[in-house]
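>>> Take this sequence and fold it.
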Amino acid sequence: MFPLPITTWLKLGAVAITAALFWYMGYSFEAARFDRYKAAQAAETRTKEKEYQVAADKIEKEKNAQIADINSRLADAISELRKRPSRSDKTPNKQSCSGSSLYAEDAEFLVREAARADQIRAGLMACYQQYDSIK
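As a prediction, this is how the structure comes out:
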């Protein structure tokens, strides 16, 4: 009925079971090794993320301090500009004034625009610093 003796079939079965066992042991060993690698990479990534976040928080704090300084200087400048004369509707020879004697409204507008530009510049510099610190 069987072309090979039963002992040969038993030997082939034992070899197949042994091969499957060795394959499973090798697979589980490599899977465990890969899981350890992934855990190490995740831990390293979390550490780097925390370092980058600390650096970003420091840069943000410096930027906010610069903006607060700009705002305080703006408030001081505006309070000083209130002492200037106001613009009148009638100007002699259709000339307003020179740059050193701007009217209060014009000077306040220009000071506010300069402060806004300084705030944008501070934000841009913070962005560059944060990008460079990560790179």
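
>>> From A31, how far out is L21?
Distance of L21 to A31, given as C-beta to C-beta, to the nearest Å: 16 Å. C-beta: built from backbone N, CA, C; applies to glycine.

>>> on contacts alone, who are the packing partners of the helix ranked longest in the chain?
Using DSSP state H, we find that the single longest helix of the chain is helix 6-81. Secondary-structure packing of helix 6-81 (3 or more C-beta pairs under 8 Å, 6 or more residues apart in numbering; DSSP states H and E): helix 104-134.

>>> Now do the buried residues in the helix it packs on.
Across helix 104-134, burial judged by 16 or more other C-beta atoms under 10 Å covers A104, A107, E108, V111, A115, D118, Q119, A122, A126, Q129, Q130.

>>> which other helices and strands contact it?
Using 3+ C-beta pairs under 8 Å, 6+ apart, helix 104-134 sits against helix 6-81.

>>> Relative to the whole chain's centre, how far out is the longest helix of the chain?
Helix 6-81 sits 17 Å away from the centroid of its parent chain (C-alpha atoms, centre = their mean, to the nearest Å).

>>> what mean pLDDT does that helix have?
Averaging pLDDT along helix 6-81 yields 94.

>>> Next: stretch 122-134.
On average, stretch 122-134 scores 91.

>>> now what about that stretch, what contacts it?
Y52, A55, A56, I59, E60, E62, K63, Q66, I67, I70 (C-beta atoms under 8 Å, 6 or more residues apart in numbering).

>>> and that stretch, C-alpha only, in CSV?
Listed next in CSV are the C-alpha coordinates belonging to stretch 122-134 (Å, rounded to 0.1, in the frame of the first residue of the first chain):
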residue,chain,number,x,y,z
ALA,A,122,11.1,88.7,16.1
GLY,A,123,8.7,86.0,15.1
LEU,A,124,10.6,85.2,11.9
MET,A,125,13.9,85.1,13.7
ALA,A,126,12.4,82.7,16.3
CYS,A,127,11.1,80.5,13.5
TYR,A,128,14.6,80.5,11.9
GLN,A,129,16.2,79.6,15.2
GLN,A,130,13.7,76.8,15.9
TYR,A,131,14.2,75.4,12.4
ASP,A,132,18.0,75.5,12.7
SER,A,133,18.0,73.9,16.1
ILE,A,134,16.1,70.9,14.8
